[in-house]
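# Pasting a predicted model and its sequence here:
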Amino acid sequence: MKIPPGRSLLSFFCIAALSLLSYLNSLSGEFVLDDLPAIAQNRLIQDPPSVAAVAASQYWNATTPRNSWRPAVLLAYTAEWRLWRGRPEGFHAVSVALHAVAACLVFAVGLRVLSCPAAAFAAALVFAVHPIHTEVVANISGRPELMAATFVLCFLALRLAARDRTGWARCAWEAAAAVAYGLALASKESAVVAPALALWVDAAVERQRPACAS
């Protein structure tokens, strides 16, 4: 079941606006907790020897016993440190914007997975305002989870778009989906579950076919 383009755009606008409004109060936050070793005290992103060195570095840069390889996040931090001149407000703004994008992607995927557009809209609204996201969005150090989720949702949306195309166009959309999945993996290890989610989404879409045909 499809909804008119104008109403669809209005739905995306409402979802994005509610996502932004829910976390506007985080824009005035400082670097706290894990933000300190990951960003404020991380000389690697503040004065990087090279892009390759940043991409090859461990996420925590040996400042804590924990370590992971998350090059997409480190490169984002490095670019933002220069762009915002070390001010935390800019980092917070990017996190809030990413959350809004993720909520819109939930709606985009939901439109294909669920038989009712209203249900997809409701699911996206719940995602936008649910308090479980507070730690990830309000703390800059939650960026790995936020980026991984956004890229996984982008991966799913691009795969769904590829289903509607044939030939080279389909190959291009599938290649874009593969890039999104790679970026998700480069953001956080938990993105490894994306192919399993894709299989579930495919099955859900197939179940909608009889209803759409009728």
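Received it, and whenever you're ready, just let me know what you need. Residues are numbered from 1 along each chain as shown.

# The residue nearest the centre of the chain: what's it in contact with?
Among the residues of the chain, T150 comes closest to the average C-alpha position under C-alpha atoms, centre = their mean, at 1.4 Å. Taking C-beta atoms under 8 Å, 6 or more residues apart in numbering, we find T150 in contact with L98, V101, A102, L105. Just so you know, the C-beta spots here come from the backbone N, C-alpha and C atoms, and that holds for glycine as well.

# which SS class is it?
What DSSP: H, G, I helix; E, B strand; the rest coil gives for T150 is helix.

# give me the number of residues near the spatially closest residue to it that is not a sequence neighbour?
In this structure, T150 finds its nearest non-sequential neighbour in A102, 4.5 Å apart by C-beta to C-beta, 6 or more residues apart in numbering. The number of residues packed near A102 is 24, by other C-beta atoms under 10 Å.

# Could you report the pLDDT at the residue nearest to D34 when sequence neighbours are not counted?
Closest residue to D34 apart from its sequence neighbours, by C-beta to C-beta, 6+ apart: S141 at 3.6 Å. Looking at S141, its pLDDT is 94.

# I'd guessed S141 sits against I39; true?
Yes: using C-beta atoms under 8 Å, S141 is in contact with I39, at 7.3 Å.

# What's the mean pLDDT across the helix or strand E89 falls within?
In this structure, E89 sits in helix 88-113 according to DSSP states H and E. Mean per-residue pLDDT for helix 88-113: 97.

# Could you do stretch 47-60 as well?
91.

# Provide the contact partners of the lowest-mean-pLDDT helix or strand in the chain at residue level.
Least confident element among the helices and strands of the chain, by mean pLDDT, DSSP states H and E: helix 194-213 (a mean of 82). For helix 194-213, the surrounding residues in contact (C-beta under 8 Å, 6+ apart) are 1, 109, 112-115, 152, 155-156, 159-160, 163, 181, 184.
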